[in-house]
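Trainee: what's the 3D shape of this:
(2 chains)
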Amino acid sequence: MTRYCISIDQSLCSGFGACVDLAPDLFRLERGGIAEAVTAETDDASVLDAAAACPMGAIAVREVLAA
Amino acid sequence: MTPHTVLVAGAGLAGSRCAESLRARGFGGRIVLAGVEPHAPYERPALSKELLAGTKTDVGLRPPTFWQEQQIELVLGNAVTDVDPARRTAKVGSRELTWDALVHATGVRARRLDGPSGVYHLRTLDDALALRSRVTPDTRVVVAGAGFIGGEVASSLSGIVARVTVVDPAGAPLERVLGPEVGRLLARRYRDCGVDLRLGVGVRAFLGEPCLEGVELTDGSVVAADVVVVGIGSVGAAVTVDACGRTATPGIYACGDVAAWPRDGRHLRVEHWTSAAGQARSVAASILGGEEPYDEPPYFWSDQFGLRLQHVGHADAWHAVVLEGDESSFTARYHDARGRLLAALAANRTADVASFRRELAA
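Mentor: The predicted structure is shown next:
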């Protein structure tokens, strides 16, 4: 199973919120409207959709080798 | 039936995302991604923002090796022509290709106002690089058009050059899209940032030959200029599609700026990044026999003069605008006569954007 490591560049985030729509278990918006990852690693492939939908390119997803 | 060969005409965001999405969904056939520009797919919104301001030089959407890794045949510098929907053939450059699915993602072009050397437009990476290399701190710049491109160009260049003049026949920047109330706030912001803003006047003539020396305005005044950047909108044919990006011809699809996509009971060409990305996914699903309609409210952002403007929804006309805040940070809500929200703008108000989207999607 593929695992993904999620990182968000919060300086780029515009609070659009598509990541939360597409992967509500992985992302949430902080009080200022800026996205944060709920978890650093996941095997949920919807993280790829969330990263692709970010207009600011603020979400980086890296594949990590599963144990 | 799953196609063998997908030909994507246009290698901008919409075309490249469609190709990527096909692979991500497990499509194992041939994908040819053809673009007229000599560059691999890049981030167009950055051209008038970070690239021109000099804060970013690499605007590629993906690392250079990505396309080969994904087995997406990137054909650059070639247009797709001679499309024959009956035989399902087309030419890519001089080569003839047989396709099972064809995606129109060719975008739009800048509306032009041609003149002597020194007159620039901004649509492609080459346009932006040419303009960027032309300006030095003592270049006198006139921006024709106070729309989004004009505003962003003026903002990006005002960090480099001493004199930027912005000319627009409207009464305020972005007036047509955002209305006079927001326009007045923006006008104040532009002038506070040192822009010589000339409103209610247009460009009558370019002066100087073969090299630009100035611009004559419709009120008879003359502004000395070494460079004029024309930002007066875009032109291009539209391809009408359904909510899944399918044209009336089986096997032919469209996404991105070129696509007239159904929205609120009519077909609209929405030239925004998020629409291009969302429509591309929808088209990829359609090609593989799925049904994933795209129906998100239009969204765009613009960075200018220290403001991040984010606009959600679409309104050609409205009954009332509710403004809150001042020119450094504000929201504007556009309502119809019954008080329904049609569109909303957040300027340096990140925290309001997600709720605007939710309200407009409801």
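Trainee: Show me which residues of chain A are close to chain B?
Mentor: A:13-18, A:20, A:29, A:31-34, A:48-49, A:52-53, A:55, A:57 (Cβ under 8 Å from any Cβ of the partner chain). (C-beta placed from N, C-alpha, C; glycine too.)
Trainee: mind running it again at 10 Å?
Mentor: Chain A comes close to chain B at residues A:13-18, A:20-21, A:29-35, A:45, A:48-49, A:52-57, as judged by Cβ under 10 Å from any Cβ of the partner chain.
Trainee: Break chain B into its domains for me.
Mentor: What automatic domain parsing lists as the domains of chain B is B:5-108+B:236-287, B:110-230, B:306-361.
Trainee: Chain A: helices as residue ranges?
Mentor: A:18-22, A:46-53 (DSSP state H).
Trainee: now the ones you listed as a markdown table including mean neighbour count?
Mentor: Putting the helices of chain A into a markdown table (neighbours: other Cβ atoms under 10 Å in any protein chain shown) gives the following:
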| stretch | mean neighbour count |
| --- | --- |
| helix A:18-22 | 21 |
| helix A:46-53 | 20 |
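Trainee: Which parts of chain A are strands?
Mentor: If DSSP state E is used as the criterion, the strands of chain A fall at A:3-8, A:27-29, A:35-37, A:41-42, A:59-64.
Trainee: just to revisit the earlier point, I'd like to know which of the domains of chain B is closest to chain A.
Mentor: Among the domains of chain B, domain B:306-361 comes nearest to chain A, with 3.5 Å by Cβ to the nearest Cβ.
Trainee: Just confirm yes or no for that closest one near chain A.
Mentor: Yes: Domain B:306-361 lies within reach of chain A by Cβ under 10 Å from any Cβ, at B:308, B:310, B:312, B:346, B:349-358, B:361.
Trainee: hang on, the earlier thing: can you lay out the strands of chain A as CSV showing distance to B:R134 and mean pLDDT?
Mentor: Below are the strands of chain A laid out as CSV (distance: least, Cβ to Cβ, whole Å; pLDDT from 0 to 100):
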stretch, distance to B:R134, mean pLDDT
strand A:3-8, 37, 96
strand A:27-29, 41, 97
strand A:35-37, 38, 96
strand A:41-42, 47, 96
strand A:59-64, 34, 94
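Trainee: got the ones you listed as CSV, with mean neighbour count columns?
Mentor: Supplementary listing: those in CSV, determined by neighbours: other Cβ under 10 Å:
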stretch, mean neighbour count
strand A:3-8, 17
strand A:27-29, 19
strand A:35-37, 20
strand A:41-42, 16
strand A:59-64, 15
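Trainee: pretty sure B:P180 contacts B:G171?
Mentor: Yes: between B:P180 and B:G171 there is a contact under Cβ atoms under 10 Å: 6.1 Å.
Trainee: Point out the residues in the stretch 1-150 of chain B that sit beside chain A.
Mentor: B:17, B:20-21, B:24, B:43, B:45-46, B:61.
Trainee: 8 Å instead, please
Mentor: Checking the stretch 1-150 of chain B against chain A by Cβ under 8 Å from any Cβ, the hits are B:17, B:20, B:24, B:43, B:45.
Trainee: ok, the closest residue to B:L51 other than its chain neighbours - contacts?
Mentor: Counting by Cβ to Cβ, 6 or more residues apart in numbering or on different chains, B:L51 lies nearest to B:A128, which is 5.3 Å off, once chain neighbours are set aside. Contacts for B:A128 were tallied using Cβ atoms under 8 Å, 6 or more residues apart in numbering or on different chains; they are B:47-48, B:51-52, B:122.
Trainee: Go through the residues you listed and say which is closest to A:T39.
Mentor: B:L51 (34.0 Å; Cβ to Cβ).
Trainee: Which strand residues bridge B:L7?
Mentor: Beta-bridge partners of B:L7, counted by DSSP bridges, are B:V32, B:L102.
Trainee: I'd like to know how far it sits from B:G256.
Mentor: In this view, B:L7 and B:G256 are 15 Å apart by Cβ to Cβ, to the nearest Å.
Trainee: neighbour-wise, which of the two wins?
Mentor: B:G256 (33 against 26; other Cβ atoms under 10 Å in any protein chain shown).
Trainee: wait, what's in contact with the residue lying closest to that one once chain neighbours are set aside?
Mentor: Computed as Cβ to Cβ, 6+ apart, the closest residue to B:G256 that is not its neighbour in sequence is B:A14, at 2.6 Å. By Cβ under 8 Å, 6+ apart, the contact set of B:A14 is B:105, B:107, B:255-259, B:276-277, B:279-280.
Trainee: And the furthest pair within these?
Mentor: Longest span within these, Cβ to Cβ: B:V258 and B:A277, 14.6 Å.
Trainee: rewinding a little: make CSV from the helices of chain A and add mean pLDDT to it.
Mentor: Converted to CSV, the helices of chain A look like this (pLDDT from 0 to 100):
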stretch, mean pLDDT
helix A:18-22, 95
helix A:46-53, 95
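Trainee: Among those helices, which comes closest to B:L185?
Mentor: Taking the helices of chain A one by one with Cβ to Cβ, helix A:18-22 is closest: 27.4 Å.
Trainee: can you list the weak-confidence ranges in the stretch 251-362 of chain B?
Mentor: Residue ranges of the stretch 251-362 of chain B with pLDDT under 70: none are present.
Trainee: any chance you could map the strands in it?
Mentor: Assigned by DSSP state E, counting those that start in this stretch, the stretch 251-362 of chain B shows strands spanning B:252-254, B:259-263, B:266-269, B:299-304, B:307-313, B:320-326, B:329-335, B:341-347.
Trainee: Tell me which of those strands sits nearest to B:G214.
Mentor: strand B:299-304 (24.8 Å).
Trainee: tell me the angle that closest one makes with strand B:341-347.
Mentor: 30 degrees (axes from the mean of the first three to the mean of the last three Cα atoms, to 10 degrees).
Trainee: other SSEs contacting strand B:299-304?
Mentor: When contacts are defined as 3 or more Cβ pairs under 8 Å, 6 or more residues apart in numbering or on different chains; DSSP states H and E, strand B:299-304 sits against helix B:148-158, helix B:273-287, strand B:307-313.
Trainee: Need those in CSV (columns: mean neighbour count and distance to B:G115).
Mentor: CSV is the format used below for those (neighbours: other Cβ atoms under 10 Å in any protein chain shown; distance: least, Cβ to Cβ, whole Å):
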stretch, mean neighbour count, distance to B:G115
helix B:148-158, 25, 16
helix B:273-287, 25, 30
strand B:307-313, 23, 29
